[in-house]
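1. A structural model of the following input is requested.
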Amino acid sequence: MKKNIAIIMGGYSSEVGISLKSGNVVYKHLNKEKYNPYKIHILKDKWVLVDDDEIEYPINKHDFSAEIKGAKITFDVVFNAIHGTPGENGVILAYFDLIGLKHTSAPFYQMALTFNKRDTLSVVKEYGIPAATSVYLNKGDKISTSAIIEKVGLPCFVKPNGAGSSFGISKVYTQEELIPAINKAYEEDSEILIESFLDGTEVSVGVIQYKGETKVLPITEIVSDNDFFDYKAKYEGESQEITPARLTKEQEVKVNDIAKRVYEILNMSGFSRSEYILVNDEPHFLEMNTVPGLTEASILPQQANHANISLTELFGNAIEMALNN
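-> Numbers count the residues shown, from 1 in each chain. Alright, predicted model coming up:
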């Protein structure tokens, strides 16, 4: 009997449009002979099932069901394609746990932890994982630009703590640019971090649970046409994403080892894509994305393709792992 799959997409953050694209790609590539996929839009003003004719049916939040032409639709698994809140930060996953509905992501606590860049860095640094020097700020804190620069140096990066797709990030070259960059980051989050600039090769590496094992996918080298891997570089073609990355065998082994170790340190499961900068051949951890882009052009699907894993296999495996969890 075919399983009913709710593909949740949208969300409440700046990444809503990207999430809708990811969710529609999942819907397109899921094996229709094995699954009955449904597109579920989770938006600030509504939760709705959207059919192929764009007709909307409200989601009953009591049990996450929908009614179509008098027939009640319930789901066996939720496929999480929400970038940002409430999907990537674990909020909606805690709700699914409460109502006993399985999903493709890691447990809600791991999702909340990894969505919080500052907390993630605090955990992995305790295990000796190299990372940039950083300063944390909360909205309302007194700011000493000279003290920040003394600690992290120039140039430096100012980032919202809980935002994705490079929204709100600035690369700062002078002390005068620091306050405007902080204010820009605060538009996305009330918590921010300021990190030292790491001069080296940037790579992105997917680690997933595949057929019951932790699998590191082929590494992607990021060469941005812009000053850093910003929104335009990620989504508007202003970068080169080279898979497999142009690394030495020694560098490749180091990245693979540290990526798998970080995944396991954080007790992850499901999808992940982490970013590293190689400084003097040593990978420095930047952040982890637990609902990475899932379009045909996105990095993790590219990596899966190089590992001879089709999108149908990639998405189907996530569902089977959730069902068997």
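
2. Now do the strand or helix carrying residue 253: which elements does it pack against?
-> Element membership for residue 253, per DSSP states H and E: helix 249-265. Here helix 249-265 touches helix 117-126, strand 201-210, strand 213-216, strand 273-279, strand 282-289, going by 3 or more Cβ pairs under 8 Å, 6 or more residues apart in numbering; DSSP states H and E. (C-beta placed from N, C-alpha, C; glycine too.)

3. which outside residues touch whichever helix or strand comes after the first one?
-> To tie it back to what came earlier, the one meant is helix 117-126. Downstream of helix 117-126, the first helix or strand assigned by DSSP H and E is strand 134-138. For strand 134-138, contacts defined as Cβ atoms under 8 Å, 6 or more residues apart in numbering pick out 118, 121, 143, 148, 151-152, 161, 182, 190-196.

4. cool, stretch 208-220 as well?
-> Against stretch 208-220 from outside (Cβ under 8 Å, 6+ apart): 203-207, 241-245, 247, 252, 255-256, 259-260, 263-264, 269-272, 299-300, 302-304, 306-307, 309, 314, 317-318, 321.

5. In a markdown table: the helices and strands packed on helix 249-265, plus mean pLDDT.
-> Shown next, in a markdown table, are the helices and strands packed on helix 249-265 (pLDDT from 0 to 100):
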| stretch | mean pLDDT |
| --- | --- |
| helix 117-126 | 95 |
| strand 201-210 | 97 |
| strand 213-216 | 96 |
| strand 273-279 | 97 |
| strand 282-289 | 96 |
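
6. Of these, which stretch is the most buried?
-> Per residue and on average, the most neighbours among those fall to strand 201-210, with a mean of 24 (mean count of other Cβ atoms under 10 Å).

7. so how far is that strand off the chain centroid?
-> 11 Å (Cα atoms, centre = their mean, to the nearest Å).

8. Strand partners (parallel or antiparallel) of that strand?
-> strand 213-216 (antiparallel), strand 220-224 (antiparallel), strand 273-279 (antiparallel) (DSSP bridges).

9. Now the buried members of the contacts of stretch 208-220.
-> 203-207, 241, 243, 245, 247, 252, 255-256, 259, 263, 269-272, 299-300, 302-304, 307, 309, 314, 317-318, 321 (16 or more other Cβ atoms under 10 Å).

10. Reformat the strands paired with strand 201-210 as CSV; add distance to residue 83.
-> CSV is the format used below for those (distance: least, Cβ to Cβ, whole Å):
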stretch, distance to residue 83
strand 213-216, 22
strand 220-224, 18
strand 273-279, 11
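
11. which stretch among those comes nearest residue 106?
-> Checking those against residue 106 by Cβ to Cβ gives strand 213-216 as the closest, at 12.2 Å.

12. Just the buried positions in stretch 127-147, please.
-> Buried, per 16+ other Cβ under 10 Å, within stretch 127-147: 129, 131, 132, 134, 135, 137.

13. Return the member of those nearest to residue 50.
-> residue 137 (39.5 Å).

14. Tell me how far that closest one lies from residue 119.
-> 15 Å (Cβ to Cβ, to the nearest Å).

15. One more: residue 148?
-> 20 Å.

16. Burial check on residue 184, number of neighbours?
-> 16 (other Cβ atoms under 10 Å).

17. quick one: it is in a helix?
-> Yes: secondary structure of residue 184 (DSSP: H, G, I helix; E, B strand; the rest coil): part of a helix.

18. Of the strands paired with strand 201-210, which is nearest residue 9?
-> strand 273-279 (17.6 Å).

19. Give me the residues contacting that closest one.
-> 130, 132, 198-207, 222, 229, 247, 251, 255, 258-259, 262-263, 283-289, 292, 299-300.

20. quick one: residue 131 and residue 156, what's the gap?
-> Residue 131 is 14 Å from residue 156, by Cβ to Cβ.
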